[in-house]
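In: Structural data only, the sequence is not supplied:
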C-alpha cells in the first residue's frame, strides 16, 4: 500500500503543478530545449526526493530497521499487489517520457531516461523495504515494476503509441469491516488497500489496431483482473485469523471501455481533464469469469 501511496502522492503533486501553470507553457518543443530539460530533471528529482524522505519519516520510522534482506511474497493477495506495481511503474514511466517529450528530448532518450522513471523510483522504495524489519525487499515487486516499464517502452518501440493502456477501477466491499487494519478504514484507505474491490485492466483501443475501420476512435475493449475473499495476505494466515472466512478466488473480466484522450474536443479544459483521468476504467457492461462460480454478467461494472 505504501508504494501505491507514494506513487499517488508523486503524481498528484505534478498534476497540481500542471493545473497552476499557463497553458502556453505546455506547448511541446520541436527541438531540444535545454532550460526545459533541466527544469524536468530538477523538478522530478526534487519531487522524488521529497516523496522518499516523507515516506521514510511517516512510514518506515515507526518500524525497526534491519540488515538488507529479500523476501518471497509472491503468494500473497492473489498477486493483486503485483498488479498495482505494474500499474504504478507504467504510469510513472508515461509521466517521465511525456515530460521529456515536452522538453524536445529525442525519442530514444525519452524511453531511456523518462520511461524508466517508474522502475527507478519504485526500486528505491523496494530498497527501503529491504532495510525494514517489518517488510523486506521483494523480487516479485521488482519484476512487476520492470513489467510495467516494459509495457510502456515496448509499445513505443513497436507502434510509436500506447495502443493498450492500463486502467484501474474500484467498488466498495464489506471486507474492510472485518479487517480494517489490512484493508482500510474509510473510503480513501479502502481504495488503496482493499484488493477485493480493485480491478486492473488492459484496455486496448480498437481503432488503433484497425485504422481504416469505422470503429469509433475512443472505443476500447478491456480485459480485467481482480480477486475476492481476501482478508489478509495468504490463505494460511487467513485460515488461522479468520477460520469462518470464505474461500478467496480470482476474477477475470471482459468489457468495454473509453479512451478519453481520443475523444475529439476543442476545449483545453476537457483535454486536460481527459488526459489526467484516463487511468480510470469507465463503468460499462462486462462479463466475469471466476473460479468460484463460473460465468456472470454485469450490466454495469466498475
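Out: Everything's here; your move. None of these values were measured; they are calculated from a predicted model.

In: now the helices for the stretch 101-250 of the chain?
Out: Using DSSP state H, counting those that start in this stretch, the helices of the stretch 101-250 of the chain run over 107-109, 117-130, 139-159, 180-183, 187-193, 206-209, 235-241.

In: Now do the buried residues in the last one.
Out: Along helix 235-241, the positions that meet the burial threshold by neighbour count (16 or more other C-beta atoms under 10 Å) are 235, 238. C-beta coordinates here come from the backbone N, C-alpha and C atoms, glycine included.

In: what about that helix, distance to the chain center?
Out: On the basis of C-alpha atoms, centre = their mean, to the nearest Å, helix 235-241 sits 28 Å off its chain's mean C-alpha point.

In: same question, the longest one
Out: In terms of C-alpha atoms, centre = their mean, the gap separating the centre of helix 139-159 from the centre of its chain is 12 Å.

In: Chain neighbours aside, what residue packs nearest to residue 40?
Out: residue 99 (4.7 Å; C-beta to C-beta, 6 or more residues apart in numbering).

In: and the one you found, how many neighbours does it have?
Out: 21 (other C-beta atoms under 10 Å).

In: Let me know the distance separating residue 280 from residue 149.
Out: 21 Å (C-beta to C-beta, to the nearest Å).

In: got it, and residue 181?
Out: 32 Å.

In: Neighbour count: the two, which is higher?
Out: Between residue 181 and residue 149, residue 149 has the larger neighbour count (other C-beta under 10 Å), namely 25 against 9.

In: my guess is that one contacts residue 111, does it?
Out: No - checked against C-beta atoms under 8 Å, the pair residue 149 and residue 111 is beyond contact range at 9.6 Å.

In: and residue 218, how many neighbours does it have?
Out: Residues lying near residue 218 (other C-beta under 10 Å) number 18.

In: Which strand or helix spans the residue nearest to residue 40?
Out: In this structure, residue 99 sits in helix 80-102 according to DSSP states H and E.

In: by contact count, what packs against that helix?
Out: Judged by 3 or more C-beta pairs under 8 Å, 6 or more residues apart in numbering; DSSP states H and E, the packing partners of helix 80-102 are helix 2-19, helix 34-58, helix 117-130, helix 139-159, strand 164-170, strand 198-205, strand 219-228.

In: Report the buried residues of the fourth one.
Out: Put plainly, it is helix 139-159. Here helix 139-159 shows 140-142, 144-153, 155-156 as buried, counting by 16+ other C-beta under 10 Å.

In: by contact count, what packs against it?
Out: Counting contacts by 3+ C-beta pairs under 8 Å, 6+ apart, helix 139-159 packs against helix 80-102, helix 117-130, strand 164-170.

In: deepest of the ones you listed, which one?
Out: helix 80-102 (a mean of 23; mean count of other C-beta atoms under 10 Å).

In: can you list the domain ranges for the protein.
Out: 1-161, 163-302 (automatic domain parsing).

In: would CSV of these with mean pLDDT be doable?
Out: As requested, the domains of the chain are arranged in CSV below (pLDDT from 0 to 100):
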stretch, mean pLDDT
domain 1-161, 86
domain 163-302, 94
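
In: So which of the helices of the stretch 101-250 of the chain is nearest residue 65?
Out: Distance to residue 65, taken as C-beta to C-beta, is lowest for helix 117-130 among the helices of the stretch 101-250 of the chain, at 10.1 Å.
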